[in-house]
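S.K.: I'll drop the sequence and a predicted model, then ask my questions.
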Amino acid sequence: MTTAPTLARSVRNQRRALLMAGFLVIAAIWMSIPLGQWQNGLFFAIGIILGVVNHVLTEAVLLRSVEAGDLPTRKQYAASSLFRLLGVSGVAIALTAFFWPHGAAVLFGLAIFHLIALVLTGIPLLREVRKEMSEHIEEKA
């Protein structure tokens, strides 16, 4: 199985997160330019983009595993996640250190995107759990 179709499918699956990230990137740059802080807006946008890359790659790894019928063990998933997070964090920290103090906005952008991704993935999950709980309660009644 090739990686390109899996990656494309991951991007399609994360449409809402990508739209939100795109909006934040445009807003960060658009709002920072009139304030004379275009560097902060640019680095904030880079942080969001790094978060998007991590988010889409996580989805692609999981999709590839599910499609292959070979679900990763906790250890394999943890190792894969650690490698991805080290890469994204390494880039973010390098940009922060090299372009200090404006580069620190990369970390803020990364953190904001991860918070948004958590909310966007958590809400549907909570709805599903609530639906299953109500169905379970109806079965008992």
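M.R.: Everything's here; your move.

S.K.: which SSE is the closest residue to residue 110 other than its chain neighbours in?
M.R.: Once flanking residues are discounted, residue 110 sits nearest to residue 47: 4.0 Å by CB to CB, 6 or more residues apart in numbering. C-beta here means a position set from N, CA and C on the backbone, and glycine is covered the same way. Take DSSP states H and E as the rule and residue 47 turns out to sit in helix 38-68.

S.K.: Counting by contacts, list what that helix packs against.
M.R.: helix 3-13, helix 15-32, helix 74-98, helix 105-140 (3 or more CB pairs under 8 Å, 6 or more residues apart in numbering; DSSP states H and E).

S.K.: now the angle from the shortest one to helix 15-32?
M.R.: For the pair helix 3-13 and helix 15-32, the angle between their directions (axes from the mean of the first three to the mean of the last three CA atoms, to 10 degrees) equals 70 degrees.

S.K.: buried sites along helix 3-13?
M.R.: Applying a neighbour-count criterion of 16 or more other CB atoms under 10 Å, one finds 6, 7, 10 buried in helix 3-13.

S.K.: rewinding a little: in a markdown table: the helices and strands packed on helix 38-68, plus mean pLDDT.
M.R.: As requested, those are arranged in a markdown table below (pLDDT from 0 to 100):
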| stretch | mean pLDDT |
| --- | --- |
| helix 3-13 | 73 |
| helix 15-32 | 90 |
| helix 74-98 | 89 |
| helix 105-140 | 83 |
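
S.K.: Now tabulate those in CSV and tack on distance to residue 51.
M.R.: Shown next, in CSV, are those (distance: least, CB to CB, whole Å):
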stretch, distance to residue 51
helix 3-13, 14
helix 15-32, 7
helix 74-98, 8
helix 105-140, 3
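
S.K.: Tell me which of the ones you listed is the most buried.
M.R.: helix 15-32 (a mean of 16; mean count of other CB atoms under 10 Å).
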